[in-house]
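> Please work out how this folds:
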Amino acid sequence: MNNNIPMAERLRPMSLDDYIGQKHLVGESGIIRKMIDSGRINSFILWGPPGVGKTTLAKIIARTTEASFFTLSAVTSGVKDVREVFDRCKSEASSMFSTVRPILFIDEIHRFNKSQQDSLLGAVEQGVVTLIGATTENPSFEVIRPLLSRAQVYTLKPLDTEDLDTLLSRAINADPILKGRKVEVREKSALFRFSGGDARKLLNILDLIEQSTPSADTVVIDDATVIERLQENPATYDRNGELHYDIISAFIKSVRGSDPDAAVYWLARMVAGGEDPEFIARRLVILAAEDIGLANPNALLLANATFDALKKIGWPEGRIILAECAVYLANSPKSNSAYMSIAAALDAVEKTGNLSVPLHLRNAPTKLMKDLGYHEGYKYAHDYSGNYVAQQYLPDNLAGARFWHPCDNPQEARMWERLERLKGQKDIYKP
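Residues are numbered from 1 along each chain as shown. Predicted coordinates:
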């Protein structure tokens with residue numbers, strides 16, 4: 001066994017049976033397992049933090065379906081490289097021995113610019129390749145809409161404690177180097193905490209502890225050993241590790257909790273740690289809508305302006321723009337009514353399915369539609385006093401349902417009072 005090969009590579013799973021985590025995707029009822037079982041793999045994008053199995057899953061799919069596997073890194077590949085791969089895929093697809101579409105795996109697909117992503121569209125549309133992309137960034141922001149319409153997005157989650165425990169046991173019992181050593185696990189808390197849900201990180205820590213333990217000694221895994229060894233090797237951990245998730249969580253909760261001092265402190269921790277400024281800006285945009293929302297609609301405008309200004313100004317001055325936005329959002333009144341309303345509406349859609357649009361709300365551009373009653377009885381709000389008229393807008397099965405509930409703040413109180421006032425007035429038609 002080559003001792004220079006990292007443990008994470010030595011233990012890379014070769015089949016779904018060995019794959020740890022992501023049960024919502026690869027469990028018995030998981031969509032990706034169903035695709036593999038059927039042998040028909042559609043293009044998709046795997047979105048999740050580092051070390052949760054995106055590359056491994058793509059390789060398992062190719063191996064299980066016996067598809068040719070091509071891989072590109074968006075960091076080092078350009079349009080020319082993409083076209084060369086497509087030419088090879090076309091040649092292979094025309095072969096009489098080809099029964100499965102080749103798989104093109106693109107790591108860090110979010111780093112492809114628009115023209116590079118555009119170059120993928122034709123081959124994906126025509127079925128020349130099955131595209132599997134991997135990204136740590138939100139595809140909604142980083143992947144062009146035409147590509148998103150051709151590739152489903154599946155979210156991978158950080159490994160939970162049970163998954164990490166399973167991985168630890170596998171490493172001790174299956175790693176060709178570690179299983180030849182005497183290993184004593186006394187404590188797991190620090191190991192799991194520093195892993196941060198990242199399988200690669202956990203195995204790297206184990207690798208570090210094993211390598212730094214004399215061959216005649218027992219490999220001891222406890223909190224003190226983990227902390228001691230990591231202090232000796234601070235460069236082992238970067239902004240993609242445990243602190244990335246803990247600190248952004250503390251930052252968001254501080255803004256949500258209206259504590260500008262804590263918000264600026266955690267912002268400073270991220271800035272000092274080399275966090276991606278655009279990642280912070282994106283979180284501020286989301287936070288402005290999710291936690292402030294209708295209590296102060298200007299918050300979303302400022303957060304979006306912060307994102308744009310950051311791109312124009314760059315670094316290090318961009319930290320000032322982020323601080324201004326963070327302090328403003330922390331001091332803003334808070335409301336999650338918009339967030340809760342879409343969550344409730346989505347729950348209703350899931351439970352009730354595709355309910356019919358009421359006939360009076362449908363347009364009637366043709367005679368047939370008019371004859372069928374489309375648009376009949378619709379009341380045009382602007383024809384009535386106050387530009388309001390009472391009529392049913394929801395499907396019949398949901399008539400009277402409420403999804404938006406205002407929170408306790410002046411802005412939404414005014415919105416609710418206006419609605420109640422309109423609902424209480426008589427429908428007066430304006431001639």
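> Show the low-confidence segments of the stretch 201-350 of the chain, by residue range.
Along the stretch 201-350 of the chain, segments meeting pLDDT under 70 span 232-243.
> contacting residues for residue 86?
123, 128-129 (CB atoms under 8 Å, 6 or more residues apart in numbering). In short, each C-beta sits where N, CA and C put it, glycine included.
> can you give me the helices in the stretch 101-250 of the chain?
114-126, 139-142, 145-150, 161-174, 189-195, 199-211, 223-232, 242-256 (DSSP state H, counting those that start in this stretch).
> What residues sit buried inside the helix or strand that the last one is followed by?
Pointing back at helix 242-256 there. Downstream of helix 242-256, the next assigned helix or strand under DSSP states H and E is helix 260-272. By neighbour count with 16 or more other CB atoms under 10 Å, helix 260-272 contains the buried residues 260, 262-264, 266-267, 269-271.
> what do you get for stretch 142-161?
Quick answer for stretch 142-161 (16+ other CB under 10 Å): 142-144, 147, 150-151, 154, 156, 158-159.
> Farthest pair within those residues?
144 and 159 (30.2 Å; CB to CB).
> low-confidence ranges in the stretch 51-200 of the chain?
93-99.
> what sits against the closest residue to residue 140 other than its chain neighbours?
Closest residue to residue 140 apart from its sequence neighbours, by CB to CB, 6 or more residues apart in numbering: residue 148 at 7.6 Å. Contacts of residue 148 were listed using CB under 8 Å, 6+ apart, and they are 45, 139-140.
> And residue 334, by the same measure?
Contacts of residue 334 (CB under 8 Å, 6+ apart): 256, 258, 291-292, 295, 407, 409.
> Looking at those residues, which are in helices?
residue 256 (DSSP state H).
> which of the contacts of residue 334 lies closest to residue 207?
residue 256 (37.8 Å).
> Hmm, the closest one is touching residue 287, no?
Yes: using CB atoms under 8 Å, residue 256 is in contact with residue 287, at 7.0 Å.
> neighbour count winner among those two?
residue 287 (22 against 17; other CB atoms under 10 Å).
> pretty sure the more buried one belongs to a helix, no?
Yes: counting by DSSP: H, G, I helix; E, B strand; the rest coil, residue 287 is located in a helix.
> So it sits against residue 329, correct?
Yes: Residue 287 lies in contact with residue 329 (CB under 8 Å); the separation is 6.3 Å.
> what touches both of those two?
255, 303.
> Quick check: which of the helices of the stretch 101-250 of the chain is buried the most?
helix 199-211 (a mean of 22; mean count of other CB atoms under 10 Å).
> Show me which of the buried residues of helix 260-272 is closest to residue 217.
Set against residue 217, the nearest of the buried residues of helix 260-272 by CB to CB is residue 269 (36.5 Å).
> and the spatially closest residue to that closest one that is not a sequence neighbour, what is it in contact with?
Distances taken as CB to CB, 6+ apart place residue 247 nearest to residue 269, at 5.3 Å, with adjacent residues excluded. Going by CB under 8 Å, 6+ apart, residue 247 touches 266, 269-270, 273, 275.
> Turn the residues you listed into a markdown table, columns for distance to residue 389.
Shown next, in a markdown table, are the contacts of residue 247 (distance: CB to CB, whole Å):
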| residue | distance to residue 389 |
| --- | --- |
| 266 | 49 |
| 269 | 54 |
| 270 | 51 |
| 273 | 56 |
| 275 | 51 |
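> Of those, which is the nearest to residue 422?
Checking the contacts of residue 247 against residue 422 with CB to CB, the nearest one is residue 266 at 42.9 Å.
> can I assume the closest one is in contact with residue 246?
No: the criterion here is CB under 8 Å, and residue 266 misses it with residue 246 at 9.6 Å.
> where do the strands sit along this structure?
44-47, 69-73, 103-107, 130-135, 152-155, 183-185, 219-221 (DSSP state E).
> Include distance to residue 420 when you put these into TSV, please.
Shown next, in TSV, are the strands of the chain (distance: least, CB to CB, whole Å):
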stretch	distance to residue 420
strand 44-47	42
strand 69-73	57
strand 103-107	53
strand 130-135	45
strand 152-155	39
strand 183-185	62
strand 219-221	62
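> for the ones you listed, which one ends up most surrounded?
Ranked by mean neighbours (mean count of other CB under 10 Å), the strands of the chain are led by strand 130-135, with a mean of 25.
> What pairs with that one, parallel or antiparallel?
For strand 130-135, sheet partners with direction are given as strand 44-47 (parallel), strand 103-107 (parallel), following DSSP bridges.
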